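> Mind folding the following:
(chains A and B)
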Amino acid sequence: KQEVTQIPAALSVPEGENLVLNCSFTDSAIYNLQWFRQDPGKGLTSLLLIQSSQREQTSGRLNASLDKSSGRSTLYIAASQPGDSATYLCAVGGIQGAQKLVFGQGTRLTINP
Amino acid sequence: SQTIHQWPATLVQPVGSPLSLECTVEGTSNPNLYWYRQAAGRGLQLLFYSVGIGQISSEVPQNLSASRPQDRQFILSSKKLLLSDSGFYLCAWIPQADYGYTFGSGTRLTVV
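Take a look at the predicted model:
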């Protein structure tokens, strides 16, 4: 059974810093990995999708990497801004039919002005 | 364009009452559809998924059921709500393989 762990559970940093959020998964047989952002009381917004054959994806100040063999992914946020404050969720898509996602518990990020 | 609609946004229901949450997708055909629940302080749990009309798979035994009467419509139901059914319910879809999930805006259900 796939298990996804995100460390740290919470992170508070001053504005302008570069930061890394970590995600680990127990079963390396994955279809893809997706990073989401969730604002309080809101739905999930997709940030980056990495297919199992890819090593990284970039969008603006965000860069996500994937190392299937070690069961790890990182989300790098450059030059953090107060608007980046949210909960960041990592989710792994399984290779068994229907691409069901297994989520980590999330990292609650606070960027202080 | 492809969009997902989920309603209502907020719902307060008494214990024992029925439930119907609806999710519809526009701009695609034969999507995979999913219902997730996020309980307070807990992660997202997959409840049901559907790969086609009338095809429903349940992930966990519970007081809820799902139906897919049309290609782009996914409904979450209960005949009698329990206090433990409270939570944030999210519908999601993918158009086909190699695409990421898109989530709806969610329904916050409080059972009182």
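> When you work out contacts or count neighbours from here on, use the C-alpha atoms and nothing else.
OK.
> For the closest residue to chain B within chain A, which non-adjacent residue is spatially closest?
At 4.4 Å from chain B, residue A:43 is the closest residue in chain A, using C-alpha to the nearest C-alpha. Counting by C-alpha to C-alpha, 6 or more residues apart in numbering or on different chains, residue B:105 is the residue found nearest to residue A:43 once chain neighbours are left out, at 4.4 Å.
> I figured that neighbour hits residue A:40, correct?
No. Counting by C-alpha atoms under 8 Å, residue B:105 stays clear of residue A:40, with 11.7 Å between them.
> coming back round to it: the residue of chain A closest to chain B: neighbour count?
Counted with other C-alpha atoms under 10 Å in any protein chain shown, residues neighbouring residue A:43 total 20.
> ok, it - contacts?
By C-alpha atoms under 8 Å, 6 or more residues apart in numbering or on different chains, the contact set of residue A:43 is B:90, B:103, B:104, B:105, B:106.
> what do you get for residue A:80?
Residues in contact with residue A:80 (C-alpha under 8 Å, 6+ apart) are A:14, A:15, A:16, A:17, A:18, A:19, A:111.
> Give me the buried subset of the residues you listed.
Buried residues within those, counting neighbours by 16 or more other C-alpha atoms under 10 Å in any protein chain shown: A:15, A:111.
> So which of the contacts of residue A:80 belong to strands?
A:14, A:19, A:111 (DSSP state E).
> burial count for residue A:66?
The local packing of residue A:66 (other C-alpha under 10 Å) involves 23 other residues.
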